[in-house]
Structure formats: C-alpha cells, structure tokens
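> Okay, sequence plus prediction incoming.
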Amino acid sequence: MGHKTLRSRIPHRPGLLLTAMLVASASVTGAAVAVADTGTGTLDPRFGTEGVVSTATAPATGSDFQNGLVIDRQGRILVSGSSDMGEGAGGNQWRISRYTPEGSLDPSFGSGGTVLTSMSAVGGSEEHIWALALQADGKIVAVGHATTAAGGEDFALARYLPDGRLDPNFGQGGTVLTTIGPGQGADEAHDVRVLRDGRIMVAGFTSTTASRSSRDFALVAYCPDGSLDTSFGQDGARPGVVVTDLAGGRDQLGGMTLDERGRIVVVGSADLGAGRGGGSLAIARYWPDGRLDEKFGGGIVVTPMAADDLLDLAIAVAIDHRGRITVGGSADANAGGPFDLALARYNPDGSLDAGFGTGGKVLTNVGPGQTDEDLRGLVIQRSGKILIGGSTAPTEFLVDSNFLVGRYNEDGSLDQSFGDGGFVVTPTSTGNGDNEIFNIALTRTGKLVAAGECERGATGRDVCLTRYEVGAKGSKSPTGTSSRITNSLHRPAGGAGAGFWRAESMSDRLHRRN
C-alpha cells in the first residue's frame, strides 16, 4: 500500500513542449476529451509557453524538486524546493526561484532569478525547502530541513531580502537551525506563517526516537530576529516548542493555517498503530499560546475517510468566511489499490459539517476507470467554491501521472462549469512521465497558478508551472502568507505493499532513492 519514492531527479530541457491538454470526467467511467478554447479551467496562453513554464537549475545529472509556492503583491511567483547539485557540489541545496507575472525568471532576484543556499556544512547533505511565506516588508521566509553532523535533520529557517540575499539580521547570517528530537532523528519544518506582529509560526514533525520509528506533530514559534519565542508553549518541556503525540506512532503533518482569532490549525495523518493498517485524517487546533483548544473536539479530531484500517492523509487546509475548515488529501478507498481525492469539512467546533458531501466527507475518483489520485493544494474562492490541485494517473503509485486541477461547489459536489465535469488534466511533458502538482495559489487577477515537477525522459525532473483561467477574482486563502506545503510521495524500495506510508518526509524519500 505504499506510494511512490522520491522521483528520480534531473534538470530541464529548454522549451518544454505541451503535447495536449486533456480533461477527465468526474464520473468513474468518463473518458478524457479535448478541452475547448473558452471557459473556466483553460490554460492561460499569456503565461509562459501556452500556459506552461519549465525550469531546470540542477545539472544534467541532477533534479529539481518543488514544494513551496507564494505570490507577492506585484504578482511575482516564488517557488521553492531543492536542487540536486551532485555529491561533489554538496548534494541537495535549498532553491528559491522568482518569476515575473508572465512566467519568465526575474533577473532582479538572486542570480538570473534563482537563489541556492547550502544550509548544512555536511557534505552531500539532504536539504529541502517545504514552505515559503512573505513578510509585509517583502522579506521571504523559507522553512524546511537540513542535515546535521549526527546524521539527522533539523528544523531549518532562512530569511531573504527581497532581492534574494540572506538577511543578516535574522539568526546566524540569515539562517536558523533548531533541534527538537534525538540527534539522529528527523525534525522537518513543513509549513510556515508570518504573524501580524512579525513572529514566525512553523509546523512540522519530530522523530521521538533516533530510529525514527515514531513521529509527532511539532510547532515552533520564533521571534522576528529568529530566536525562539519563549512565550509560546510555556506548559511544555521547552518554551517555544510544542510537540503533540496524536496516536503513538508515525504521525505525519501535512499543512497549517491560522483562523481569524489567531488559532493554529494543523492537519495530517494519525498513525493508528499495528494491526490498523494505516492512518486516519487528523486535525488539531491550538490557541495562539500553543495550548490545545479543547473546544475543538477536545483539541484533536481523527477522521477515517474510507475505513478504520485504511490510510488517509490530510495535506492541505483552508478556512472559509464562516469559520468552517476544509481539509484535502488522499484516501485509500480501494483497500490497497489506487487512492481517491479526499475532502472533509469541519464546523468551528470540530464536528463534521453534514451539509458537505456525505456526512462531511467527499471521495472522488477522476477516471476513466479506477485511477490513482493525489491532492496537494486547496484554495477556497470568495464564492465558496473549492479549487484543488494535485495529480492523477491511470495506474497505482502515480505512474505516468499528469497535473490535475479541479473545482467543487460549496456543498462538495463537483462544479460542472469547470473544465469537463469539474476537472482539468494537463500533461506537462512529452510522452509518458510522472508530472505532479505540489501547490496552487490564486493571483490577484483571478488566475490559478499550479507549481510542481515534470519528468524529463529518463534523466531527471524539472520545476513546472501552469496557469489557468478560473473565472473569478480573489479567494479565501488560509490566513497568513504561506503556501500549503505538504509531504511528498514515496514508493517503498520493495514495490507495492512493501511499506506503510503513502507520504513521507523528503529525507525518507532521498534515503529510498533508487
């Protein structure tokens, strides 16, 4: 029941050719058909080459991995992740690229539009940016992980000036490393928000053992200068840090947002333990000081999407104007077969919203036939409609996957006015390959930007962006200025059924690279 490994990593071929744009029907048996030139969900021809941009930073023997996405006030698009520069060049390095609103690399940022940062002094290290956030002054906060001398991973933060230089007034020359668990364990920061007072809230997970056999949710608060905010989590063992054990196993954090009262909402998967076969969708809410909010279902709500013993993973979250929390991810609705798109909506008290889908839950197979889906990004438009981004594939493990965007109505039904039957499927590389969206964001002019990775032959992967017409300006995005960054997929080295988690950390993916 595993999913796919860290994709083989490789750079890009200039001038990506968009072969065709397809739309998959929302029905299980619907066939893919050509998209009309008009209507919502069409690619924006004014962006890149007919709506698609492909960029390589890593050398020909490496790959570019993508996770973070945020759009600034000028409409410039920032994407982040890591680039595999090769063992001799220090392994993976943090990468941020900035694009103009038209999709060209912005030469005023870094070197030719891209900044590379080595966060660790350990040679051949595994580093990755999971999330970005923008401060009101235009500074860029990036969070992720960096390898330690002991062989573990630490929470890692960096702050950049608007031109891409590290901010010398943040941490040690612009960077901060925070150890939470044992030295050989994995501490990874997966999402970030900049608060109104300039403090920085970071969410991720920590391994509670050096063997990494268990993981807990972790929240860490930082002052504007990068020091720990000791007013946060004062009831815990370490002020500034809050660790939450959901179910005693390998709990996996997917994303974070803040509500209008400053309460922190995090989502992921709760490992239900041996004999249960998987993990259930999990959501927790905290007060701004780090205490669990017991008014929200006791603080932690665990929801099996398909069945108690199957795997669900929440990886995106947004809050609408009524305070309802929509969570997106994927669910093993086929008992070890392909995964479905999964959405759940909660009332402000933590109960499932009976007016959404069936009992508050929606499972969707894109088709035609039984396809494999993964949801990575979620945005709520001002109309209440829900935009999602991810990938779909004709077979398990997201093999030969394509970019997927879709739109649901406020009640959880598919929006038939979007694409064909609610979905648009976009191949972003020629021939077969694994092409996956890892984040989406709306521009101020009402365009939907999707960022992910596209496979280039047998040699590697590039960063790919697409932009779509979605027919409405504005959105009710998660409170704060960050993208919703999530875990990446893995297929265990032993193939189907050889592993437990559909989603793991970047470090796990890198360790498992074939």
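Everything's here; your move. Model, not experiment: these values are computed from the prediction.
> what about the helices in this structure?
For the chain, helices defined by DSSP state H occupy the ranges 506-511.
> Below-threshold pLDDT in it: ranges please.
Where the chain drops to pLDDT under 70, the residues are 1-39, 61, 86-90, 121-125, 211, 272-278, 308-309, 429-432, 457-459, 472-514.
> again, only using 50
1-39, 88, 274-277, 477-514 (pLDDT under 50).
> residue boundaries of the strands in the stretch 351-500 of the chain?
Counting by DSSP state E, counting those that start in this stretch, the segments of the stretch 351-500 of the chain that form strands are 361-364, 372-381, 386-393, 402-408, 423-426, 436-442, 447-456, 460-469, 475-476, 488-489.
> got the ones you listed as TSV, with distance to D349 and mean neighbour count columns?
To be clear about C-beta, it is placed using only N, CA and C from the backbone, and glycine gets the same treatment. Output for these, formatted as TSV (distance: least, C-beta to C-beta, whole Å; neighbours: other C-beta atoms under 10 Å):
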stretch	distance to D349	mean neighbour count
strand 361-364	17	22
strand 372-381	19	27
strand 386-393	21	26
strand 402-408	23	27
strand 423-426	32	26
strand 436-442	28	27
strand 447-456	31	27
strand 460-469	35	26
strand 475-476	20	20
strand 488-489	33	28
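> among the ones you listed, which is nearest V79?
When the strands of the stretch 351-500 of the chain are ranked by proximity to V79, the top entry is strand 447-456, at 4.8 Å, counting by C-beta to C-beta.
> What strands line up against that closest one, and which way round?
strand 436-442 (antiparallel), strand 460-469 (antiparallel) (DSSP bridges).
> could you give the angle of the shortest one to strand 386-393?
Looking back up the chat, that one is strand 436-442. Counting by axes from the mean of the first three to the mean of the last three C-alpha atoms, to 10 degrees, strand 436-442 lies at 160 degrees to strand 386-393.
> so strand 436-442 versus strand 402-408, what angle?
Counting by the same axes, to 10 degrees, strand 436-442 lies at 40 degrees to strand 402-408.
> Kindly report the same for the last one.
Strand 460-469 and strand 402-408 are oriented at 30 degrees to each other (the same axes, to 10 degrees).
> Mind listing the residues bridging to G279?
Under the criterion used (DSSP bridges), G279 bridges to D271.
> Next, format the strands paired with strand 447-456 as JSON lines and append distance to R238.
Listed next are the strands paired with strand 447-456 as JSON lines, based on distance: least, C-beta to C-beta, whole Å:
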{"stretch": "strand 436-442", "distance to R238": "31"}
{"stretch": "strand 460-469", "distance to R238": "36"}
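> Out of those, flag the one nearest P427.
The nearest among those, by C-beta to C-beta, is strand 460-469 at 10.5 Å.
> Centre of the chain to the closest one, how far?
Put simply, strand 460-469 sits 15 Å off its chain's centre (C-alpha atoms, centre = their mean, to the nearest Å).
> Let's see it as CSV, backbone CA atoms only.
Provided in CSV are the C-alpha atoms of strand 460-469 (Å, rounded to 0.1, in the frame of the first residue of the first chain):
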residue,chain,number,x,y,z
GLY,A,460,15.5,13.7,-14.2
ARG,A,461,12.9,16.2,-13.2
ASP,A,462,12.3,19.9,-13.6
VAL,A,463,10.2,22.5,-11.9
CYS,A,464,7.0,23.1,-13.9
LEU,A,465,4.3,25.9,-13.5
THR,A,466,0.9,26.1,-15.2
ARG,A,467,-1.6,28.9,-15.0
TYR,A,468,-5.4,28.5,-15.5
GLU,A,469,-8.4,30.7,-16.0
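> G359 is in contact with S351, isn't it?
No - using C-beta atoms under 8 Å as the test, G359 is too far from S351 to be in contact (10.5 Å).
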